[in-house]
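Participant: Mind looking at a prediction? Sequence and model below.
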Amino acid sequence: MNVSILGGGSWGTTLAQVLTDNGNNVLIRDINKDFINKINNNHLHPFFDLIIPESIKATDSLEETLDFSDVIVLCVPTKVTRSVLNECNKLIKTPKLFINVSKGIEPSTSKRVSEIVDEEISEKNRSGYVVLSGPSHAEEVILRKVTSLVAASNDDSKAKFVQELFNNEKYLRVYTSDDVIGVETGGAMKNAIAIVSGVASGMGLGENARAFLITRGIKEIVSIVVALGGKMETAYGLAGIGDLIVTASSMNSRNFQCGLNLGKGMSVEEAIHAVTQNVEGIRAIEAGYEIGKKYNVELPIINAAYQVVNGSNNAKEALHNLLSRSLKSEKYW
Ligand SMILES: NC(=O)c1ccc[n+]([C@@H]2O[C@H](COP(=O)([O-])OP(=O)(O)OC[C@H]3O[C@@H](n4cnc5c(N)ncnc54)[C@H](O)[C@@H]3O)[C@@H](O)[C@H]2O)c1
């Protein structure tokens, strides 16, 4: 079948290879002319300079990409999702199934991608929504290394459709879920804790400190997921703990790297700039802080990270505030 991908960066082009391996035809839309040329003329992945299947094509035309298929994979950074969808809504001719693979929360509104799709795509233009997330570095999937993902939808038949579309018996195992809120929120909030983990490493703290912050950070992710109406078990699954394990200690993670820079004393702007790619975890920290206040959820690690991100405390002071809180028993719920 034909599948369209909006956003041909690290992840979008990698998923194009997965879909091609599974016998589908893929058209990618990107705004970066160099990426389009690399894909069309050299059959190269734009980020990893690895050969990708010749049948993968790219274009800068949104209309052509929307006309190509009724299955649309959304793989642009969350901060531009609304504007891209707004443009899509004006060009769509037949109802589309939206598969969101980006992980993030919209800056300024703290909305999840499913909420943005609901707001920007008229009902007549959409046939369903699925979020596909989990522990997956593009750097490994492009090499066809064994990976797992979870496809969540309010419509079980759509989740199963996406499971079969992406599952590959050689290297990609896809599970289904009915918890869109949990999968979207877990995928976004693990980036916040990945930054915290990076900060700890950047400050020169040891493995003990990182294990402490990641483990207690998982509890905070669970609290946020549940406060927003998601399920606790989703946060303990692939889209929560799973994704945190793969992100919170890997130099492949731009969020971990950004945290590392912050821990070494860089400003937020310098830390993001040094990573060069989009860092969604900074926004996740801000959103987590706001959610904590709104729903009265105790989030000491996210709050400490927020102090560093908004510049009110440096990492050392934020750590001191965290460690000097009143003593507690270890509860996970
Ligand atoms: N890289 C990974 O390993 C990975 C894995 C799983 C999920 N994700 C998620 O996928 C999303 C994309 O990540 P990525 O790593 O591919 O990022 P990326 O920066 O490599 O790619 C994003 C692409 O979107 C394009 N783009 C930017 N603004 C656009 C616009 N207005 N219209 C159309 N295209 C636009 C860019 O040109 C770029 O090619 C993120 O939310 C990320 O969390 C990434």
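Facilitator: Cool, got the structure. What you are looking at is a predicted structure, and each value in this text was computed from that prediction instead of being measured.
Participant: next one: phi and psi at residue 148?
Facilitator: phi -130, psi 150 (degrees, to the nearest 10).
Participant: Going by secondary structure, the nearest residue to it once chain neighbours are set aside is in what exactly?
Facilitator: Nearest residue to residue 148, sequence neighbours excluded (CB to CB, 6 or more residues apart in numbering): residue 173, at 4.6 Å. All C-beta atoms are positioned from the backbone trio N, CA, C, and that covers glycine. Assigned by DSSP states H and E, residue 173 belongs to strand 172-177.
Participant: what do you get for residue 87?
Facilitator: Per DSSP H and E, residue 87 falls inside helix 78-91.
Participant: distance between that helix and the chain's centre?
Facilitator: Its chain's C-alpha centre and that of helix 78-91 lie 17 Å apart, by CA atoms, centre = their mean, to the nearest Å.
Participant: where does the stretch 101-250 of the chain have low pLDDT?
Facilitator: Applying pLDDT under 70 to the stretch 101-250 of the chain flags no residue at all.
Participant: can you list the residues of it near the ligand?
Facilitator: Contact residues, the stretch 101-250 of the chain versus the ligand (CB under 6 Å from any ligand atom): 101, 102, 103, 104, 136, 137, 138.
Participant: Can you get me a residue count around residue 32?
Facilitator: Neighbours of residue 32 under the rule other CB atoms under 10 Å: 14.
Participant: cool, residue 153 as well?
Facilitator: Neighbours of residue 153 (other CB under 10 Å): 26.
Participant: The ligand versus that one, what's the distance?
Facilitator: Noted for residue 153: a distance of 17 Å to the ligand, by CB to the nearest ligand atom, to the nearest Å.
Participant: Just list the residues touching that residue, thanks.
Facilitator: 128, 129, 130, 131, 159, 162, 176, 178, 180 (CB atoms under 8 Å, 6 or more residues apart in numbering).
Participant: just checking, the residue nearest to residue 148 touches residue 151?
Facilitator: No: when contacts are counted by CB atoms under 8 Å, residue 173 is not listed as touching residue 151 (11.2 Å).
Participant: In terms of neighbours, single out the busier of the two.
Facilitator: Neighbour count, other CB under 10 Å: between residue 173 and residue 151, residue 151 has more, with 26 against 16.
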